[in-house]
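> output the structure for:
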Amino acid sequence: MSGITRGAKKLLPKAVKRFVLLDVLGIRRSYRNQRLHASRVFLEREILPWLAARQSRVLFVGTAPYTCQFERLFRRSRDQYTTIDPDPGTAVWGARRHIVGPIQEIARHRPEGYFDCIVFNGVFGFGIDDVDDQRAVARVLHDALAPGGLLLVGWNTNLMSDPEELGLFTPYFVPAEGLPWPQRTRFSLPETHVYDFYIRRPGAGIRAAS
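Residues are numbered from 1 along each chain as shown. You can find the predicted model right below:
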């Protein structure tokens, strides 16, 4: 790619870039069937609108073409919705408040306890696969959340072992109660996706666990 082309790409508004990628280059077609999955419909039509109405600072981990429309739900303030992804190429799908970096480095970008809610969907099993790495990320998620903050973990039964059986979140979180949905929400086969809801356990962060 020439320097002129790269420069022009940087100058294009994000909305124009998305239109070119989604509708001109056809990325939208490749994601159309995924948006029909029951777990995806549940996320878009139930979970995210519910969070948008109640949470002041939400972090969404991971960006892709199907996530770019989520920001429109979060209109209470400029700080209400933040996205993070380590791949600079996916920043076009991120929010206005987008962070290029791995979730393990969130403390470099936001102070401890900054977020009221973290949506951690489809990350374990898609890049963070080692159990020790997953435990380390659970600690990071805890420290990024405010006391009593809500954590949504989405994972696939065909890609990883049960996080509850592994005890990944037990030191740092307790099962969420009083939500409109079960603490563990499943879907009919062939869906393998599961949503688990947790509340940050007080006093179990990196400093307390060290």
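> biggest helix in the protein by residues?
helix 131-144 (DSSP state H).
> immediately after it, which helix or strand?
Downstream of helix 131-144, the next assigned helix or strand under DSSP states H and E is strand 145-156.
> quick one: strands adjacent to that following strand?
Paired neighbours of strand 145-156 in the sheet (DSSP bridges): strand 115-121 (parallel), strand 193-200 (antiparallel).
> would you map out the domains in this structure?
1-32, 34-209 (automatic domain parsing).
> next, format those as TSV and append mean neighbour count.
Glycine gets a C-beta too; all of them are placed from N, C-alpha and C. Output for these, formatted as TSV (neighbours: other Cβ atoms under 10 Å):
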stretch	mean neighbour count
domain 1-32	11
domain 34-209	17
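> now render these as TSV, adding mean pLDDT.
TSV is the format used below for these (pLDDT from 0 to 100):
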stretch	mean pLDDT
domain 1-32	49
domain 34-209	92
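> okay if I get the strands paired with strand 145-156 as JSON lines plus distance to residue 90?
Shown next, in JSON lines, are the strands paired with strand 145-156 (distance: least, Cβ to Cβ, whole Å):
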{"stretch": "strand 115-121", "distance to residue 90": "14"}
{"stretch": "strand 193-200", "distance to residue 90": "20"}
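> what's the closest of these to residue 63?
Of all the strands paired with strand 145-156, strand 115-121 sits nearest to residue 63, with 11.2 Å by Cβ to Cβ.
> next, the angle from that closest one to helix 131-144.
150 degrees (axes from the mean of the first three to the mean of the last three Cα atoms, to 10 degrees).
> how near is residue 161 to residue 194?
Counting by Cβ to Cβ, to the nearest Å, the separation of residue 161 from residue 194 is 12 Å.
> got it, and residue 43?
In this view, residue 43 and residue 194 are 12 Å apart by Cβ to Cβ.
> overlap of the contact sets of the two?
Taking Cβ atoms under 8 Å, 6 or more residues apart in numbering as the criterion, residue 43 and residue 194 both touch residue 154.
> what helix or strand is residue 179 located in?
When elements are assigned from DSSP H and E, residue 179 belongs to no helix and no strand.
> contacting residues for it?
residue 197.
> can you show me the helices along the protein?
Using DSSP H, helices in the chain cover 3-11, 14-19, 27-32, 38-42, 48-54, 131-144, 163-166, 206-209.
> off-centre distance for the fourth one?
Helix 38-42 has its average C-alpha position 15 Å from the chain's average C-alpha position, going by Cα atoms, centre = their mean, to the nearest Å.
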